[in-house]
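**Q** sequence plus the predicted model coming up.
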Protein chains: 2
Amino acid sequence: MRLLTPGPAPFQAEVPMKATSHTDPDFRKTMKRLQDALQQVFGVSGFTAALTGSGSWGGEVACMNFLDPTKKALVLSGGLFGARLAEMARLRGAQVHVVELTGEGKVPWGLLGDALHSVKPDLFFCVHVDTSTGTMVPVHEVLEFVRNASPYTLSVVDTVASAGNVPLHLEGLADYAFTASQKGLSAPAGLAPIALSARGLSHARPASWYGDLTRIWEFWERGKYHHTPAVSLIEALERATARVLEEGIPRREKRSKEAYAFLREALRGDFDFPPEEVAAPTVAVLFPKRESPEAVLARLEASGFRVAPGIGPTAGKAVRVGLFGSQAEAVQDLVEALLGVGA
Amino acid sequence: MRLLTPGPAPFQAEVPMKATSHTDPDFRKTMKRLQDALQQVFGVSGFTAALTGSGSWGGEVACMNFLDPTKKALVLSGGLFGARLAEMARLRGAQVHVVELTGEGKVPWGLLGDALHSVKPDLFFCVHVDTSTGTMVPVHEVLEFVRNASPYTLSVVDTVASAGNVPLHLEGLADYAFTASQKGLSAPAGLAPIALSARGLSHARPASWYGDLTRIWEFWERGKYHHTPAVSLIEALERATARVLEEGIPRREKRSKEAYAFLREALRGDFDFPPEEVAAPTVAVLFPKRESPEAVLARLEASGFRVAPGIGPTAGKAVRVGLFGSQAEAVQDLVEALLGVGA
């Protein structure tokens, strides 16, 4: 079965696990190498780490450190994952305001500016690529806009479906960014790589022991014991991230973009796509014109391809294809499978 | 380097990771097999699962679901891990009362009874084996005592350093139990196996999206998407747990007990131990009589053994040795390394 879901992405088959202790001096070196590599992935010079938990936990950790019932959060949401961040923020008792992307997936700049002005949020959340819709926001413009309109707001970015496959330059723009190991970094699931600015660290007031960013900082930077991390996954992520950087993120982005363009062109007669200017190259969302999404999924499954159904705003309407890393190389075969049997 | 720390325990070297999707039908079957195996490990007939996170997160999830500022918690604490549960409960704003084990590591039954009577706690926490002291409480007697004195109190048990290596019969006694994958289950670190009673599930009021036990139940029991779990670790834990049950937990317990008794007898002249009646067979805590713990650790490291320093109440005073699973088989070599060069 070839895995073309929007996560997990395939990773190099040979990642054997061995029992290493989190106190092993060699493991400390692996952690340090991973931190350096993650600085390049996020485009930051500050603190990075990999939390033991899913990407969603990476997002909730922001709520657990920066929000409480006295705080206000503003979420720029364009799908299921923006809505999820809003829900996590509400669970912390914060006052939560949501600005939705337009129906076409574009940023409503006027509404965003008004909301920043009227809400004066303590925390701003945005999702770089929402895998439920396969649309991407111009994250640097959005973060600059927020920084200019509201310099004291902390900014948090979900880069789950972009990091490792799209260049990020978040230095000075994001106070906290998180991703998941199993997408653009081509590693096994179970870790949430994060980047945290010095300002973010100084604002952390934890409501969770496990998600306490100050202790996580002490553990990764000073070796002070906090919890037992997923050592084998961290070792695998360090190797996977080294390979990503060896290849180069711009080259990975180019491959995804080309694969996406090929898919769009080849399937034009049979499928609709999100508008070209907002479509993310890492997650292609296809709306079948003549078949049900279930029929498309079943046909692909029979041809040995696993892709994903729509979720959130695209539930029952679309199929979602991941084009992370080596998945992009399978796109020609996928098109043949889609067109050869179908329509 | 032979790993005799109190976690991670060695696991079978050949646990290759492959990219499986959490939506794969075969993975759903793996999850089901793991749930069945965990019922046997915890000795329960109700819901079990493996959270993607460390054992500590397994403990905090109890606080995230069962506590809020209107609730009262009572913690029976005998070391660092009891204190940690108390701290997690305080972070939720709950009123927290702590009853300490005696200096010898015994349960102060009178004080415990008084506290249950006066506090009337919503939640009771206890740690079966505290790895910081290597002492074990008679968990079934404690839980029965709590159930009789305060039938409406939910009971939570930390079985991090016992599950898989000591038979547990928690049916009707514990509402929530948690452990860690890398100890008695001989699997890679990064998962917190849990057991949750029907009463526990009905009391869950989540303060965390990621740790929401109702959604975790829906994901494991009904296949309703929640988050992307650490698929490779779950596959490895399923295989490891099957091997544990194939061997039989009573037989694993016997091996640990024999190894512990051998260690105690062989080292009597050079080390002190916790009182025999409270000593846990899975974690041996050795207080050197003539050397510093650092010197003992360094000597063992030079002989190719990694054990752990004391932490919490034993910090700077002891070395801690794990006797989980196959670690027990190395005990004779360990004794030779300790006596051969030492004293």
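**A** Looks like it arrived, so ask away. Residues are numbered from 1 along each chain as shown, chains lettered A, B, ... in the order given.
**Q** which non-adjacent residue is nearest whatever residue of the stretch 51-200 of chain A ends up closest to chain B?
**A** Proximity of the stretch 51-200 of chain A to chain B (Cβ to the nearest Cβ) peaks at residue A:190, 2.7 Å away. All C-beta atoms are positioned from the backbone trio N, CA, C, and that covers glycine. Nearest residue to residue A:190, sequence neighbours excluded (Cβ to Cβ, 6 or more residues apart in numbering or on different chains): residue B:230, at 2.7 Å.
**Q** for the stretch 151-300 of chain A, give me the ranges with low pLDDT.
**A** In the predicted model, the stretch 151-300 of chain A carries no residue with pLDDT under 70.
**Q** which residues touch the residue nearest to residue A:190?
**A** By Cβ atoms under 8 Å, 6 or more residues apart in numbering or on different chains, the contact set of residue B:230 is A:54, A:188, A:189, A:190, A:191, A:230, A:233, B:52, B:190, B:191.
**Q** contacts only, for the residue of the stretch 51-200 of chain A closest to chain B.
**A** Residues near residue A:190 by Cβ under 8 Å, 6+ apart: A:52-54, A:181-182, A:230, A:233, B:52, B:190, B:229-233.
**Q** would TSV of these with distance to residue B:11 be doable?
**A** Converted to TSV, the contacts of residue A:190 look like this (distance: Cβ to Cβ, whole Å):
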residue	distance to residue B:11
A:52	17
A:53	21
A:54	22
A:181	20
A:182	22
A:230	13
A:233	14
B:52	18
B:190	12
B:229	19
B:230	15
B:231	17
B:232	13
B:233	11
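**Q** where do the helices of chain A begin and end?
**A** A:25-42, A:55-66, A:80-91, A:109-119, A:139-149, A:198-203, A:213-222, A:231-247, A:249-266, A:293-302, A:331-341 (DSSP state H).
**Q** okay, these, which one's buried deepest?
**A** helix A:55-66 (a mean of 28; mean count of other Cβ atoms under 10 Å in any protein chain shown).
**Q** near chain B at all, it?
**A** Yes - interface with chain B: helix A:55-66 contributes A:55, A:56, A:57, A:60, A:64 (Cβ under 8 Å from any Cβ of the partner chain).
**Q** cool, and stretch A:172-187?
**A** Yes - legend: contact between stretch A:172-187 and chain B by Cβ under 8 Å from any Cβ is shown at A:180, A:182.
**Q** for that stretch, buried residues please.
**A** Under the neighbour-count criterion of 16 or more other Cβ atoms under 10 Å in any protein chain shown, stretch A:172-187 has A:173-187 buried.
**Q** equivalent analysis for stretch A:94-108, please.
**A** Buried positions in stretch A:94-108, judged by neighbour count with 16+ other Cβ under 10 Å: A:94, A:95, A:96, A:97, A:98, A:99, A:101, A:105, A:107.
**Q** export those residues to JSON lines and tack on pLDDT?
**A** Output for the buried residues of stretch A:94-108, formatted as JSON lines (pLDDT from 0 to 100):
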{"residue": "A:94", "pLDDT": "98"}
{"residue": "A:95", "pLDDT": "98"}
{"residue": "A:96", "pLDDT": "98"}
{"residue": "A:97", "pLDDT": "98"}
{"residue": "A:98", "pLDDT": "98"}
{"residue": "A:99", "pLDDT": "98"}
{"residue": "A:101", "pLDDT": "97"}
{"residue": "A:105", "pLDDT": "94"}
{"residue": "A:107", "pLDDT": "98"}
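**Q** now, these that are in strands?
**A** Judged by DSSP state E, those include A:95, A:96, A:97, A:98, A:99 as members of strands.
**Q** ok, and which of those residues reach chain B?
**A** With the criterion set as Cβ under 8 Å from any Cβ, no member of these is near chain B.
**Q** I figured residue A:39 hits residue A:49, correct?
**A** No - contact criterion Cβ atoms under 8 Å: residue A:39 and residue A:49 do not qualify, at 10.8 Å.
**Q** can I see the domain layout of chain A?
**A** As assigned by automatic domain parsing, chain A contains the domains A:25-246, A:249-341.
**Q** of those, which approaches residue B:219 most closely?
**A** Nearest to residue B:219, of all these, is domain A:25-246, at 11.2 Å by Cβ to Cβ.
**Q** on the pLDDT front, check residue A:1 for me.
**A** On pLDDT, residue A:1 comes in at 76.
**Q** once you drop chain neighbours, what's closest to it?
**A** Distances taken as Cβ to Cβ, 6+ apart place residue A:306 nearest to residue A:1, at 5.2 Å, with adjacent residues excluded.
**Q** over to residue A:33?
**A** residue A:238 is the one closest to residue A:33 (Cβ to Cβ, 6+ apart), at 5.6 Å.
**Q** contact partners for the one you found?
**A** A:30, A:31, A:33, A:34, A:37.
**Q** pLDDT added to those, as TSV?
**A** Below are these laid out as TSV (pLDDT from 0 to 100):
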residue	pLDDT
A:30	96
A:31	97
A:33	98
A:34	98
A:37	98
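**Q** CSV for those, including distance to residue A:286?
**A** Formatted as CSV, the contacts of residue A:238 follow (distance: Cβ to Cβ, whole Å):
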residue, distance to residue A:286
A:30, 39
A:31, 40
A:33, 38
A:34, 35
A:37, 33
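**Q** closest one to residue B:74 out of the residues you listed, please.
**A** Taking Cβ to Cβ as the measure, residue B:74 lies nearest residue A:31 of these, at 37.3 Å.
**Q** what residues does the closest one make contact with?
**A** The neighbours of residue A:31, taking Cβ under 8 Å, 6+ apart as the test, are A:220, A:234, A:238.
**Q** what of residue A:215?
**A** If you count contacts by Cβ under 8 Å, 6+ apart, residue A:215 has them with A:206, A:209, A:224, A:226.
**Q** do that again at 7 Å, thanks
**A** If a contact means Cβ atoms under 7 Å, 6 or more residues apart in numbering or on different chains, then residue A:215 has residue A:226 as its contacts.
**Q** anything in stretch A:315-333 near chain B?
**A** No - Stretch A:315-333 lies out of reach of chain B by Cβ under 7 Å from any Cβ of the partner chain, never closer than 10.0 Å.
**Q** now do the buried residues in that stretch.
**A** Within stretch A:315-333, the residues scored as buried using 16+ other Cβ under 10 Å are A:318, A:319, A:320, A:321, A:322, A:323, A:324, A:325, A:327, A:328, A:330, A:331.
**Q** which two among these are spaced furthest apart?
**A** Using Cβ to Cβ, those span at most 22.1 Å, a distance reached by A:318 and A:325.
**Q** what about residue A:1, neighbour count?
**A** By other Cβ atoms under 10 Å in any protein chain shown, 12 other residues sit near residue A:1.
**Q** pretty sure it contacts residue A:304?
**A** Yes - between residue A:1 and residue A:304 there is a contact at 5.8 Å, judged by Cβ atoms under 7 Å.
**Q** export the buried residues of stretch A:315-333 as CSV, with columns for pLDDT.
**A** Formatted as CSV, the buried residues of stretch A:315-333 follow (pLDDT from 0 to 100):
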residue, pLDDT
A:318, 97
A:319, 95
A:320, 96
A:321, 96
A:322, 95
A:323, 95
A:324, 92
A:325, 87
A:327, 89
A:328, 87
A:330, 90
A:331, 91
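**Q** what residues does the stretch 201-343 of chain A put near chain B?
**A** A:207-210, A:227-233, A:236, A:306.
**Q** make it 6 Å
**A** Residues of the stretch 201-343 of chain A lying near chain B by Cβ under 6 Å from any Cβ of the partner chain: A:209, A:210, A:227, A:228, A:230, A:231, A:232, A:233.
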